[in-house]
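> Fold the following, please.
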Amino acid sequence: ASLHEFNPMMGHRGCRLAVSFPEIAEMQTTAVIKAAISASKKLGTMITPHIMIPLVGEVKELKFVKDIVVETADKLIAEAGVDMKYEVGTMIEIPRAALTADGCELSVAACRHGIRRIELDQSPLPGSGKQRFTLRVNGRAIYCKGGNWVPTDSILANETDEKYESLLRAARDAHYNMLRVWGGGTYEGDRFYELCDEYGILLWHDYMFANGYFPTDEPAFRKNVERELPIVIRRLRNYACIAIWCGNNEIHWQHLILQQHMPVFYGQDIYEQLLPHLLTELDGTRPYRPCSPYGRMSGNADADGEGDTHSWYIWLGSDEERALNLENFLTDKSHFVSEYGVLSHPNYISMRQYLCGNVSRDNPAFETHNNFQEIGRINKMLNRYYVDDADGLDMRRLIRFSQYMQGDIYRFSMETFIRRAPDCMGVLYWMFNDCWGCTSWTAIDYYGRKKASWYMIKRAFSPLLASLLCRDGKLRCWVVQNSGDVYT
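Residues are numbered from 1 along each chain as shown. Reported below is the predicted structural model:
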């Protein structure tokens, strides 16, 4: 069983206490408390520990009849059954557990644990030769709806709990039930994970490896990785919100493209050997993916096969005719879309802030703050579907129309993905929030102001969605529930 820890404090003898609840089966009435001791360095200290744990109105004491030697690794020292009544979805809280020896308090720990079971169903889809990609929470299939999370500021010191609160509340209010913590960002502060627990937002959590090779052939770098990853796992494993661990962002996909010129896959053993081993040892309660996107059998980003996909053929595809044709969403065969996106300009007042009041195409700073992947496609998409001459629009109208276009495309694509349930059971767009003022893929700009797309995404993510499609002179209507049940 895994050992979860939360905000441990080191005692004067260098001992650290961790308290946890392993996975609890549905309808079980006895929970097993696990306790472990580790140290900041190999002490070889002999102690006879006692652990006092207040739980559900009583104090449970874990006693030991023999001395133990405190080592640097987690060392299971006690477990005890506690009879309790609970329902799935209950948050168990231990406000303060104390480790004492020889009359001295050596360490304290607090623990919050949400009772839930996470499974990733990749069983065959009947009659298709393909595989599901369905997340199940306590046995129930969940249609995952949300976006990709990036740091709230390019300068990490500027991240605040207030930003976490504002953004995650906006996600909750728009019916998001999942965010993907992108592997090119950072491990967020504790308050981020606490709020996700409280708001019921699941996390697909990448480890911080993204879009490049990592020099695991260099001993110093390898040693640093081997030291960092267990720290991250121990720190985050107790948060119920984390549903899927993922080794990296797009590196396997990148290597498939570059392998003829770069035959050595630097870093591969991190994602396929080291992380699975550490997670089995230190967590073992969640599914793990080596990469996103990733097909379990092919190892490829196969939109017509299995696994999750990054569906960038719309907007970023090299074939511009295909990239600008929204009809292609109707033929997408992805089983779980973990990235795709549409650009728009932020709100006018936000552009005034980062352009120092000069909101004009002639301002050199306008292009500096434009997304390098925009490549003129906002105006080309506007001309194709929405206006006669996007280049002739004044800035206020261009901003407004770009946001309407972004929201309309997000709504259309999300409705298309959602009504394909159970063949497709997740859509996470790129990206939910932004780290600086710019033209970007987000529904909320850097300053926390909602774009038009936020409101259209909220509608598409409604717990009960009705969507329409007119083709060949026929109007079809779909009604989809949160579980992925579809009625035509």
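> so where's the stretch 1-150 of the chain shaky on pLDDT?
Scanning the stretch 1-150 of the chain for pLDDT under 70 picks out 1-113, 115.
> what do you get if the cut-off is 50, keeping everything else the same?
1-14, 22-31, 39-48, 56, 63-88 (pLDDT under 50).
> My guess is L393 contacts V387. True?
Yes. Using CB atoms under 8 Å, L393 makes contact with V387 at a distance of 6.8 Å. (Each C-beta comes from the backbone N, C-alpha and C, glycine too.)
> can you list residues touching both of these two?
F401 (CB atoms under 8 Å, 6 or more residues apart in numbering).
> Using the three-state scheme, assign W315.
When classified by DSSP: H, G, I helix; E, B strand; the rest coil, W315 comes out as coil.
> okay, now it: neighbour count?
Other residues within reach of W315, judged by other CB atoms under 10 Å, total 23.
> got a list of what it touches?
W315 makes contacts with A323, L324, Y340, G341, V342, L343, R377, as judged by CB under 8 Å, 6+ apart.
> Ok, V359 next?
V359 sits next to Y348, M351, R352, F366, M395 when contact means CB under 8 Å, 6+ apart.
> Could you work out the most separated pair of those?
Farthest apart among the contacts of V359 by CB to CB are Y348 and F366. That separation is 12.7 Å.
> For those two, indicate the residue with more neighbours.
F366 (18 against 14).
> Among the contacts of V359, which has the minimum pLDDT value?
Ranked by pLDDT, the contacts of V359 bottom out at F366, which has 81.
> Buried by neighbour count: which residues of the helix or strand hosting it qualify?
Using DSSP states H and E, F366 falls within helix 364-368. Neighbour counts over helix 364-368 (16 or more other CB atoms under 10 Å) mark F366 as buried.
> again, but for stretch 446-463
Buried residues in stretch 446-463, counting neighbours by 16+ other CB under 10 Å, are found at Y446, K450, K451, A452, S453, W454, M456, I457, K458, R459, A460, F461.
> Report the mean confidence score over that stretch.
96.
> Which of the contacts of V359 fall in helices?
Under the assignment DSSP state H, those contribute Y348, M351, R352, F366, M395 to helices.
> Spatially central residue in this protein, please.
R180 (2.3 Å; CA atoms, centre = their mean).
> residues in contact with the strand or helix carrying that one?
Element membership for R180 (DSSP H and E) is strand 178-181. Strand 178-181 is contacted by residues 144-149, 171, 187-188, 196, 201-206, 243, 292, 338-339, 426, 428, 432 when judged by CB under 8 Å, 6+ apart.
> Please flag which of the buried residues of stretch 446-463 sit within helices.
Counted as lying in helices by DSSP H, out of the buried residues of stretch 446-463, are A452, S453, W454, M456, I457, K458, R459, A460.
> for the nearest residue to the fourth one once chain neighbours are set aside, what are its contacts?
The one in question is M456. Nearest residue to M456, sequence neighbours excluded (CB to CB, 6 or more residues apart in numbering): G407, at 3.6 Å. Listed by CB under 8 Å, 6+ apart, the contact set of G407 reads S344, A443, K451, A452, S453, W454, Y455, M456, I457.
> mind running it again at 10 Å?
Counting by CB atoms under 10 Å, 6 or more residues apart in numbering, G407 touches 342, 344, 443, 451-460.
> So N238 sits against Y193, correct?
Yes. If you go by CB atoms under 10 Å, N238 and Y193 touch, sitting 8.9 Å apart.
> buried ones in stretch 423-439?
Under 16+ other CB under 10 Å, the buried positions of stretch 423-439 are 423-435, 437-439.
> Make JSON lines out of the contacts of V359 and add distance to R117.
JSON lines is the format used below for these (distance: CB to CB, whole Å):
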{"residue": "Y348", "distance to R117": "47"}
{"residue": "M351", "distance to R117": "46"}
{"residue": "R352", "distance to R117": "49"}
{"residue": "F366", "distance to R117": "50"}
{"residue": "M395", "distance to R117": "51"}
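> Out of those residues, flag the one nearest to V232.
Out of the contacts of V359, the member with the shortest distance to V232 (by CB to CB) is M351, at 36.8 Å.
> List only buried entries from the contacts of W315.
Buried among these (16+ other CB under 10 Å): A323, L324, Y340, G341, V342, L343, R377.
> Three-state assignment for the fifth one, please.
Following three-state DSSP, we place V342 in the coil state.
> Might you report the residue contacts of it?
Contacts for V342 (CB under 10 Å, 6+ apart) come out as 314-315, 326, 377-378, 381, 402, 405-410, 413, 429-430, 441, 453.
> Among those residues, which are located in helices?
R377, I378, M381, S402, M405, Q406, G407, D408, I409, Y410, S413, S453.
> got a list of contacts for stretch 374-384?
314-316, 320, 323-326, 342-345, 367, 370-371, 387-393, 398, 401-402, 404-406, 409, 438-440.
> Please list only the buried members of those.
Listed as buried from the contacts of stretch 374-384 are 314-315, 323-324, 326, 342-345, 370-371, 387, 390, 393, 398, 401-402, 404-406, 409, 438-440; burial here means 16+ other CB under 10 Å.
> ok so, going back, from the contact counts, what lies against the helix holding F366?
Judged by 3 or more CB pairs under 10 Å, 6 or more residues apart in numbering; DSSP states H and E, the packing partners of helix 364-368 are helix 348-354.
> buried stuff in the helix it packs on?
S350, M351, Q353, Y354.
> any idea which of these is the one closest to R227?
Nearest member of the buried residues of helix 348-354 to R227, counting by CB to CB, is Y354, at 38.4 Å.
> Distance of the closest one relative to F366?
Distance of Y354 to F366, computed by CB to CB, to the nearest Å: 10 Å.
> And for Q254?
Distance from Q254 to F366, by CB to CB: 31 Å.
> Spatially nearest residue to the residue nearest to the centre of the chain (excluding sequence neighbours)?
W204 (4.1 Å).
> Confirm the one you found sits in a strand?
Yes. Per three-state DSSP, W204 lies within a strand segment.
> Relative to P364, how far out is it?
38 Å.
> now P290
Distance of P290 to P364, given as CB to CB: 42 Å.
> cool, M208 as well?
Taken as CB to CB, the span from M208 to P364 is 33 Å.
> I'd assumed N148 was in a strand, is it?
Yes. Counting by three-state DSSP, N148 is located in a strand.
> I'd guessed it sits against S338; true?
Yes. With contact defined as CB under 10 Å, N148 reaches S338; the gap is 7.8 Å.
> intersection of neighbour lists for those two?
Contacts common to N148 and S338, judged by CB under 10 Å, 6+ apart, are R180, W182, W204, D206, N249, S292, L428, Y429, W430.
> right, and the third one touches N148 too?
So the one you mean is W204. Yes. Counting by CB under 10 Å, N148 is a contact partner of W204 at 8.8 Å.
> any residues in contact with both of these two?
Shared contacts of W204 and N148, defined by CB under 10 Å, 6+ apart, are found at L179, R180, V181, W182, S292, S338, L428.
> ok, the residues you listed vs P276, which is closest?
Nearest to P276 among those is S292, at 15.4 Å by CB to CB.
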